[in-house]
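Novice: coords please:
(chains A and B)
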Amino acid sequence: MSVDAISLLLLGVGYLALLFGCGVAVERGWVSVRITRHPAVYTLALGVYASAWAIYGSIEFAASSGFGYLAYYLGAAGAFLLAPVLLVPIQRITRTYQLASLADLFAFRFRSRWAGLLVTLVSLLAVLPLLGIQVKTLGEAVDVMTQSTRGSDVSLLLCVIIAAFAVFFGARHSHLHARHDTLLAAIAFESIIKLVAMLTLGAVALWGVFDGPQHLQQWLGSEGQALQTQTSKLEPAHWRTLLLLFFAAAFLMPHLFHITFAESLSRYTLLQASWTLPLFLLLMALPVPLIWWAAQAQADAPITLPAYAAYMIHTHPWVGALAFLGGLAAASGTMIMISLALSGMVLNHIVLVASPPEARTDLYGWLRWLRRGLIVSVIISGWLFYTGVGRHQDLTTLGLAAFVGMAQCLPGMLALLYWPGANRNGMVAGLLAGALIWLWGLWLPLFVATPVPTLPFTPLLPPDSPLWYQVTLLSLVANIVLLISVSLFSRTSEGEKSAAEACSVDAVIRSKRLPLEAATVDDFTTHLAQALGDEAAHREVNRALMALHITHQERRPYALRRLRDRIQANLSGLMGPSVARDIVDRYLPYRHDDAPVTDDIQFVESRLEAYRSRLTGLARELDGLRRHHRQTLTHLPVGLCVFGDDSELLMWNQALTKLSGISGESVIGSRRDSLPEPWPTLLGRALESNNAPLYKQPAHLHGRDYFLTLHKADLSGDDSRGGSVVLIEDHSEMKRLEDELVHAARLASIGQLAAGVAHEIGNPITGISSLAQNLRYDTDDPILLETADHIQTLTQRVTKIVNSLVGFAHGGRQTVPLPRDPVNLTTISEDALHLIHLARSGEDVTLTNACSKAIVVRGDAQRLTQVMVNLLGNARDACAPSGHVTISAGIDGHHAWWQVNDDGHGIDPTVRDRLFEPFTTTKPAGEGTGLGLSLAYQIITEHQGKIDVASPPPGHSRGTAITLWLPLYQQDDITPHGQDSDC
Amino acid sequence: MYVYRIMLFLVFGGYLLSPLLMNGWGNPDIAWYRPFLIWGGLIALTVWLEQKRKLDER
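Specialist: Model prediction:
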């Protein structure tokens, strides 16, 4: 088979143009988001694991080691089968702290720039052979198909197009953790192409070369059997080591780490990939032996280039073209993702660490261009590696050099997840030792033709074991031993301990409640602008605010601490954890004053709530117990709040929310002094008290007066995190009842006093009345006779009042039976007006009797006059000079209404509810007793009537209308006998 | 979480026993597709465990 190089180039360029078209279609929204964000797209994107090694290297490996080639697929499948316990915890950390690469993760966990730098260098060196494999397969496939040596040039041209694609679609965002829908869709498309290519080639082999599975089995038992005996079988130890290498590669390789964690949709998508990716790999692996056996069956002589067996199974050019397209799809996808991932690592851990960003106007643009340059450099370095080194090595040698190198990060990664005791010294020592052994044993020999000196301790291994096996074992053993021993015998910093807790599986960060220098959101922007420039600072702060759903007005220390953490995480996605930590520590520092430092319980609880479904066994039981206690406090029918030693509010239960009208979510995390009034003062008094309750403290809450009793207890003890708990009871109702009791007692005292006074007044009044009677007999002067009449009328009124007071003092019972005489309301209205005119005050108020017809009610005229005099007196006092008071009356059914209307200032709202209570008055002391309306109420009630008060009356803006309802007089009314008597 | 333990058991058990897979290459008494059948069975088991995990965490 010989194909024109130009045709092959056009095929390759055409395919990459199709890839561009696919990217543009997704970018422009021509493809539904439901498709681009479907979990299947994510799984197919993870299929980038199946690089050119899966298309060519696996066949080469199958040719030499039989089913040993399966290690490449089964290792990765094993890693994803363990997704719930291995990948999901890593995903949690990378998402929480916006870590986009393995170097970011190591730098974050071990709080060391050196850790990040070392991992970046190891990744860079390990990935170079893998990049070389991609370019090499492209070049050699061209050589094989064209029977020429033009492969190197064609591969360079394809590399340039691939680099352009990576720059165009992969470096749009400055944030490395930003999800690239377009890129993922394109990589998924490439996975479909390579899967279809492999399955088609497998089908051609199975049904085109053989006559189906049965015929293949027969061939393997006859002429094929002799050929298979030439294939060596892997030693179990070698096989297991290979499985381990590919297991590690599945999530440690920079491009796979990037797709698995930086681009993943959700935890559930990742969990779904735990079986969908193994299924994809199964389909990719299945055609490999078929292609190899078909090539063997077709070949007349031993195959010299087994990696390219796919080109030999059929003479039809389209079979070769399909194999080429499958290889190109695998290689381009791998190169794109490796270049993106490595460029981020180099940028964050080498470039930005060596040259930290300064406040510049276009920080994001500067970072984007740096990334683009690095992407191109990475892809071109792959081509250089191929032309300089790779073309002289087989795929297996190059692949093993890459995978053993990346496996050096495995001990550190496992310690990161499962051993909080590991520290940066141990990690750096272990990784350095392992990487040096790997470089010496496998990487350097790629460049140096002569064999390197034997490694120490290799005599401990079987003499015939291959070099890669010896290097793998020695490097990993040295790595693990140093990691453990150095970690055990060296000091771990506080920062590392905190990061270790953040990274450990099932561990919850015990964040500290430290006060921040920045007290407002604006302070954050101002301080950050010194490092990032105004525009970037505003954008980063706004981004963090939006993510946390908090406002610019937020001042709660708890919320500001979360804002700081979020900004650090976002900056980590932009510039890596080391630079982000430096910026945040320098420009948004904590205040180190004498305030006590305690755990951020609120944060711990929110984390526990988030991870609740993942807790098991005793931890789950304890969490259930914690939730039970919290619910008990939350639903306690008494107000409860908890403060830390630094006066930060930690709890605000439902009863307190109802009482105060302030929701817990809006105030938890605040300082006591920033709570709405009157709580700072009230709670301050309670917290400063010596555990003695504060009884019935007055408080004005949402327009009402309350009386609250506060109990405080200090939270102390061996395991206590300090602080105080305050219980707040609403004793307003109890206080009201107490006041009423006191008031009633006061009334009873005054009643007794009034009875005594009334008794004493009765005698002189009787004397005055007698003297007035005598005066009538002693004179004929009409003026004196009228005066005597008035004196007698008034003394009768005084007697009635005295009797009323005595009656009131005796529990409201009348001393004399109520008469049931006919009473003309018009007449007594006139009498009342006459009497009120005798008073000297209020002479400029117009009093009008508008009772036009005779309305007769039953009752006591004297007492009803007294009622009207009292009402008129109040109405006149309420009016301004030149005011009007009108008396009117009418009939409604069996009752008469009798109304006093004024246009005065109306009734004070504060006394409206107790208007008819004795001693209720708004007049100045000495001008009113507060008994008038009370007596009026009592008299009208005794007349089986009622009083309505409207202030202001309907349809008026001011004034008062008091309406008395009295039963009409009936001819058959009979005066009752001995109704009540004074005992 | 108990489901996770089953997965751990499966993966480590498979890791230890997996060298047996290689015996099938070139052996006419063993169907050439046997490793893939075992692998497919393992995937089916994982799907079942995944469903069980979802119910467990609900």
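Novice: before we move on, which element is the most centrally placed residue in chain B in?
Specialist: In chain B, the centroid-proximal residue (CA atoms, centre = their mean) is B:L42; its distance is 2.9 Å. Assigned by DSSP states H and E, B:L42 belongs to helix B:34-57.
Novice: What lies in contact with stretch A:953-960?
Specialist: Residues from elsewhere that reach stretch A:953-960, judged by CB atoms under 8 Å, 6 or more residues apart in numbering or on different chains: A:875, A:878, A:901-907, A:949-952, A:961. (Glycine included, C-beta is placed from N, CA and C.)
Novice: ok, of those, which come out buried?
Specialist: By neighbour count, with 16 or more other CB atoms under 10 Å in any protein chain shown, the contacts of stretch A:953-960 hold A:875, A:878, A:901-907, A:950-952, A:961 as buried.
Novice: Can you lay out these as CSV showing pLDDT, distance to A:Y695 and secondary structure?
Specialist: What follows is the buried ones among the contacts of stretch A:953-960, written out as CSV (pLDDT from 0 to 100; distance: CB to CB, whole Å; DSSP: H, G, I helix; E, B strand; the rest coil):
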residue, pLDDT, distance to A:Y695, secondary structure
A:A875, 88, 43, helix
A:A878, 86, 40, helix
A:N901, 92, 47, strand
A:D902, 92, 44, strand
A:D903, 90, 47, coil
A:G904, 89, 42, coil
A:H905, 86, 38, coil
A:G906, 87, 37, coil
A:I907, 86, 34, coil
A:A950, 88, 40, strand
A:S951, 85, 37, coil
A:P952, 87, 41, coil
A:A961, 92, 43, strand
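Novice: how about these in CSV, adding distance to A:L131?
Specialist: What follows is the buried ones among the contacts of stretch A:953-960, written out as CSV (distance: CB to CB, whole Å):
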residue, distance to A:L131
A:A875, 102
A:A878, 98
A:N901, 100
A:D902, 100
A:D903, 98
A:G904, 97
A:H905, 93
A:G906, 91
A:I907, 92
A:A950, 93
A:S951, 91
A:P952, 90
A:A961, 97
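Novice: will you turn those into JSON lines that also has distance to chain B?
Specialist: Formatted as JSON lines, these follow (distance: CB to the nearest CB, whole Å):
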{"residue": "A:A875", "distance to chain B": "74"}
{"residue": "A:A878", "distance to chain B": "71"}
{"residue": "A:N901", "distance to chain B": "72"}
{"residue": "A:D902", "distance to chain B": "72"}
{"residue": "A:D903", "distance to chain B": "72"}
{"residue": "A:G904", "distance to chain B": "71"}
{"residue": "A:H905", "distance to chain B": "68"}
{"residue": "A:G906", "distance to chain B": "64"}
{"residue": "A:I907", "distance to chain B": "63"}
{"residue": "A:A950", "distance to chain B": "63"}
{"residue": "A:S951", "distance to chain B": "63"}
{"residue": "A:P952", "distance to chain B": "63"}
{"residue": "A:A961", "distance to chain B": "67"}
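Novice: Going by distance to A:L622, which of the residues you listed wins?
Specialist: Closest to A:L622 out of the buried ones among the contacts of stretch A:953-960 is A:I907 (62.6 Å), distances taken as CB to CB.
Novice: Quick check on the closest one: phi, psi?
Specialist: Dihedral angles of A:I907 (phi, psi; degrees, to the nearest 10) stand at phi -90, psi 140.
Novice: can you pull the contacts of the closest residue to it other than its chain neighbours?
Specialist: Nearest non-adjacent residue to A:I907, counting by CB to CB, 6 or more residues apart in numbering or on different chains: A:S951, 4.2 Å away. Going by CB under 8 Å, 6+ apart, A:S951 touches A:906-907, A:912, A:959-961.
Novice: with those in mind, which one is nearest to A:P698?
Specialist: Closest to A:P698 out of the contacts of A:S951 is A:R912 (21.9 Å), distances taken as CB to CB.
Novice: if we can go back for a sec, wait, does the helix holding B:L42 contact chain A?
Specialist: Yes - counting by CB under 8 Å from any CB of the partner chain, chain A has neighbours in helix B:34-57: B:35-36, B:39-40, B:42-43, B:46-47, B:50, B:53, B:57.
Novice: before we move on, the earlier item: could I get the contacts of A:S951 in JSON lines, plus columns for distance to A:S266?
Specialist: Below are the contacts of A:S951 laid out as JSON lines (distance: CB to CB, whole Å):
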{"residue": "A:G906", "distance to A:S266": "66"}
{"residue": "A:I907", "distance to A:S266": "66"}
{"residue": "A:R912", "distance to A:S266": "62"}
{"residue": "A:G959", "distance to A:S266": "70"}
{"residue": "A:T960", "distance to A:S266": "69"}
{"residue": "A:A961", "distance to A:S266": "70"}
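Novice: ok so A:V823 is a strand residue?
Specialist: Yes - per DSSP: H, G, I helix; E, B strand; the rest coil, A:V823 lies within a strand segment.
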